[in-house]
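**Student:** Structure here, sequence nowhere to be found:
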């Protein structure tokens with residue numbers, strides 16, 4: 001058990017990654033920091049912290065790479081710049097504008113609890129529960145999604161298998177001490193804590209980012225993604241989801257896993273849609289994700305509904 005901690009607006013910030021205008025949850029304790037990802041390549045200013053500036057001035061950033069790095073452009077910005085704004089920061093987290101940690105609602109059959117998107121304004125970050133978690137655990141992560149086969153097979157089916165081989169080779173060359181963890185998580189494992197979501201102490205965050213971006217920047221140099229479509233082009237975001245699980249296995253002893261609240265279009269929130277979504281995740285494996293090279297996830301949920309008719 002670690003010492004009891006008290007979170008406040010100066011020592012804790014949880015990024016909310018946004019790429020378009022959206023409803024945001026209440027923020028009475030000012031622990032949330034909404035951040036516009038891909039701001040450098042956007043025609044819209046969302047009126048919040050940008051991932052390419054500090055106090056309105058240019059800073060160390062990878063904002064222009066958002067199409068391939070996804071929410072990692074916010075992660076990188078925080079790693080390099082957030083302490084310029086909050087020098088006493090001790091804890092850092094990452095959420096998405098439609099995905100937040102659930103401190104109360106649970107789903108025993110899936111990683112996410114599905115809610116209509118207009119209810120995000122009712123979401124409350126349970127500060128006291130978060131403080132208890134961080135007093136006991138090294139990090140907070142999303143409840144794992146369980147696949148019907150290994151993460152290595154999943155990546156090879158859904159993305160470009162050669163890219164994964166390149167990634168594993170880079171890890172072996174740079175960090176051979178992680179080989180066993182890569183084998184456990186990717187080659188043998190079928191559980192993935194998704195979305196790159198976490199709340200974690202600053203020192204661990206700094207160590208993770210050093211490791212992560214050293215690997216990903218090398219992968220970027222070696223992998224030609226110029227002909228990838230928009231979905232496959234998110235390659236480094238996908239890789240980071242797997243890499244975070246590898247890093248945590250190697251470095252952390254105690255991790256708290258929570259369901260994710262996923263705020264979706266109201267029609268997807270209907271009971272039948274949720275049932276179809278569950279079937280897609282559990283029984284079709286990632287067949288849906290194969291098609292995401294051309295179609296949306298919603299398209300495949302519709303396919304499940306057609307099967308049920």
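**Tutor:** Nice, I can see it. All figures in this text were calculated on a predicted structure; none of them were measured in a lab.
**Student:** Need the three-state assignment for residue 7.
**Tutor:** Using DSSP: H, G, I helix; E, B strand; the rest coil, the structure places residue 7 in coil.
**Student:** What is the neighbour count of it?
**Tutor:** The burial count assigned to residue 7 is 20, neighbours taken as other CB atoms under 10 Å. Glycine gets a C-beta too; all of them are placed from N, C-alpha and C.
**Student:** same thing with residue 47?
**Tutor:** Here the number of neighbours of residue 47 (other CB under 10 Å) works out to 9.
**Student:** Please, where are all the helices along the stretch 101-250 of the chain?
**Tutor:** For the stretch 101-250 of the chain, the helices defined by DSSP state H, counting those that start in this stretch cover 127-136, 151-158, 161-174, 179-182, 202-222, 235-251.
**Student:** Any idea how far apart the tips of stretch 220-231 sit?
**Tutor:** Using CA to CA, to the nearest Å, the end-to-end distance of stretch 220-231 comes out at 16 Å.
**Student:** Buried residues in that stretch, which are they?
**Tutor:** Of the residues in stretch 220-231, those with enough neighbours to count as buried (16 or more other CB atoms under 10 Å) are 220, 223, 225, 228, 231.
**Student:** on that earlier part again, check the helices of the stretch 101-250 of the chain for me and report the most buried one.
**Tutor:** Ranked by average neighbour count under the criterion mean count of other CB atoms under 10 Å, those are headed by helix 235-251 at a mean of 22.
**Student:** list the helices and strands that helix packs on?
**Tutor:** Helix 235-251 is packed against helix 66-69, helix 72-85, strand 139-142, helix 151-158, helix 161-174, helix 179-182, strand 191-192, helix 202-222, with contacts defined by 3 or more CB pairs under 8 Å, 6 or more residues apart in numbering; DSSP states H and E.
**Student:** Please name every helix or strand in contact with the first one.
**Tutor:** Which is helix 66-69. The elements that helix 66-69 packs onto, with contact taken as 3+ CB pairs under 8 Å, 6+ apart, are helix 235-251.
**Student:** switch to 10 Å and redo it
**Tutor:** Contacts of helix 66-69 with other secondary structure elements, assessed using 3 or more CB pairs under 10 Å, 6 or more residues apart in numbering; DSSP states H and E, are made with helix 72-85, helix 202-222, helix 235-251.
**Student:** The fifth one now?
**Tutor:** In terms of contacts (3+ CB pairs under 10 Å, 6+ apart), helix 161-174 is packed against helix 151-158, helix 179-182, helix 202-222, helix 235-251.
**Student:** tell me the secondary structure for residue 95?
**Tutor:** Classification of residue 95 by three-state DSSP places it in strand.
**Student:** who's it bridged to?
**Tutor:** Beta bridges link residue 95 to residue 16, judged by DSSP bridges.
**Student:** need the contact list for it.
**Tutor:** Contacts of residue 95 were listed using CB atoms under 10 Å, 6 or more residues apart in numbering, and they are 14-17, 25, 32-34, 71, 101, 123, 125, 195, 197-199, 260-261.
**Student:** next one: residue 191
**Tutor:** Taking CB under 10 Å, 6+ apart as the test, what residue 191 contacts is 111, 143-147, 150-151, 185, 245, 257.
**Student:** Would you mind splitting the chain into its domains for me?
**Tutor:** Under the assignment automatic domain parsing, the domains of the chain span 12-149+188-264, 266-309.
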